[in-house]
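1. build me a model:
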Amino acid sequence: MKLTATSVAWVFAASFYAAAVMGFIPNPLLGPRGLFQANTAHNLVHLLTGVGFTVVALAGPKASVVFMQAFGVIYLLTGVIGFLTTGFGGNGYLLGLVHLNTLDNFLHLGLGVVIGAAGWYLHARPHLQPER
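-> Residues are numbered from 1 along each chain as shown. Purely as a prediction, here's the structure:
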């Protein structure tokens, strides 16, 4: 598989769809009592994020790159705001709706770095993108 912005966007879409589905099925990893604490609002955010990645993957490489760059920044901010909300070792609600805990905050920071870096990497290497 050739590394393109759209193929990377499809991988992120599938990942967020998987997280959404896992959040609705009782399991020890993701859910109200899981390692990563997610309530229905949190699962819906994962689902909508998957939809966002699907839309930009269908729209093409430029939209995928811009979305990854912007989403990376948004997830970094989500992690920082999460730590401000929960502290280190607690849990709470982001914007009063989305349940999260310290592990969620670290994951959001990590995903922000990975997704943003993917967007900047693919932006800097236009030769990896198919012509449109």
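2. how close does the residue nearest the centre of the chain get to Leu35?
-> Nearest residue to the geometric centre of the chain (CA atoms, centre = their mean): Leu111, 6.0 Å. According to CB to CB, to the nearest Å, Leu111 stands 16 Å off from Leu35. Just so you know, the C-beta spots here come from the backbone N, C-alpha and C atoms, and that holds for glycine as well.
3. shaky segments in this structure?
-> Low-confidence segments of the chain (pLDDT under 70): 1, 126-132.
4. and the longest helix along the chain, how far out from the chain middle?
-> Longest helix in the chain, counting residues (DSSP state H): helix 61-86. Relative to its chain's centre, helix 61-86 lies at 8 Å (CA atoms, centre = their mean, to the nearest Å).
5. pairing partners for the next helix or strand after that helix, with directions?
-> Next in sequence after helix 61-86, counting helices and strands by DSSP states H and E, comes strand 91-94. Strand pairing for strand 91-94, determined by DSSP bridges: strand 98-101 (antiparallel).
6. alpha carbons of the strand it pairs with, in CSV - could you do that?
-> Taking Å, rounded to 0.1, in the frame of the first residue of the first chain, the C-alpha atoms of strand 98-101 are listed here in CSV:
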residue,chain,number,x,y,z
VAL,A,98,-17.2,13.9,27.8
HIS,A,99,-16.0,11.6,30.6
LEU,A,100,-12.3,11.1,30.6
ASN,A,101,-9.4,10.2,32.9
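7. next, the buried residues of the helix or strand just after it.
-> Under the assignment DSSP H and E, the closest C-terminal helix or strand after strand 98-101 is helix 102-124. Within helix 102-124, the residues scored as buried using 16 or more other CB atoms under 10 Å are 102, 104-105, 107-109, 111-112, 115-116, 118-119, 122-123.
8. which pair of the residues you listed spans the longest distance?
-> Thr102 and His123 (31.7 Å; CB to CB).
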